[in-house]
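*Asks:* this one's sequence-less:
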């Protein structure tokens, strides 16, 4: 039986990935903070293994990962959070919270599992298309995901000689509890089911960079090739709110 580990498996994209892999007959190591939801997954699926911890706490993450009973061949580091900056007024505590989850949480998760990576494994890091273009109100989120993207792309280079494949995921807007809080227009938003399908197909094909939805992310990638002044003008028109 194939095994996949998923962080952030109790909400949004991570939860949908866990359900889809479980229903495909995979053994799933579902990681998250929501103990009640993890318990329900384990009760409903005999092929579910759960680890409850907070990725922002390095020692807690190491301890939880050390309890893992199985050996994944696919490692999906998906956990993340989003908070917005209003009117360009920076808030150091907000930035720290976002970076603690999105970047340091990723670092804690990989540090706690990297000794178990083996030749042939797939390591998947979920970033965001916001890392490629400056978007309104996304000073904290976009900056954290830019750091995630850089780290993951570096790992693509450093882990390749060991036979470990790294994929970086760049989603656009996805219907999740996080985006449910948004009060602005979200162009071409897709369902968590769509996101899960795109990610699982990309992993299966060992696609190094997984973008979806294709039209929206293609537009932003093309904008990202333009001079910064033009980028700012175009994104302001594309994302109103």
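*Replies:* Noted; the coordinates are in hand. Just so you know, these numbers come straight off a predicted model, no measurement behind them.
*Asks:* State which helix of this structure is the longest.
*Replies:* The residue-count maximum for a helix in the chain (DSSP state H) belongs to helix 139-159.
*Asks:* Return the set of buried residues in stretch 91-104.
*Replies:* Neighbour-count burial for stretch 91-104 flags 94-95, 97-104 (criterion: 16 or more other C-beta atoms under 10 Å). No exception for glycine: its C-beta is placed from N, CA and C like everyone else's.
*Asks:* and it, how far from the chain's centre?
*Replies:* 15 Å (C-alpha atoms, centre = their mean, to the nearest Å).
*Asks:* Give the rounded mean pLDDT of that stretch.
*Replies:* On average, the pLDDT along stretch 91-104 is 96.
*Asks:* and the longest helix of the chain, what does it pack onto?
*Replies:* helix 92-99, helix 105-113, strand 122-126, strand 165-171 (3 or more C-beta pairs under 8 Å, 6 or more residues apart in numbering; DSSP states H and E).
*Asks:* 7 Å instead, please
*Replies:* Helix 139-159 is packed against helix 92-99, strand 122-126, strand 165-171, with contacts defined by 3 or more C-beta pairs under 7 Å, 6 or more residues apart in numbering; DSSP states H and E.
*Asks:* out of these, which comes closest to residue 141?
*Replies:* helix 92-99 (6.0 Å; C-beta to C-beta).
*Asks:* The closest one vs helix 105-113, what angle?
*Replies:* 40 degrees (axes from the mean of the first three to the mean of the last three C-alpha atoms, to 10 degrees).
*Asks:* quick one, helix 92-99 and helix 139-159 angle?
*Replies:* Using the same axes, to 10 degrees: helix 92-99 against helix 139-159 is 40 degrees.
*Asks:* Contacts for helix 92-99, please.
*Replies:* 81, 83, 85, 140-141, 144 (C-beta atoms under 7 Å, 6 or more residues apart in numbering).
*Asks:* and if you look at stretch 128-147?
*Replies:* Outside stretch 128-147, the residues touching it (C-beta under 7 Å, 6+ apart) are 82-86, 90, 94-95, 98-99, 102-103, 127, 148-149, 170-172, 211, 217, 220-221, 223-224, 231-232, 235-236, 239.
*Asks:* Can you flag the buried ones in those?
*Replies:* 82-85, 94-95, 98-99, 102-103, 127, 148-149, 170-172, 211, 217, 220, 223, 231, 235, 239.
*Asks:* Lowest mean pLDDT among the helices and strands of this structure, which one is it?
*Replies:* The helix or strand of the chain with the lowest confidence, counting by mean pLDDT, DSSP states H and E, is helix 228-238 at a mean of 82.
*Asks:* Lovely, talk soon.
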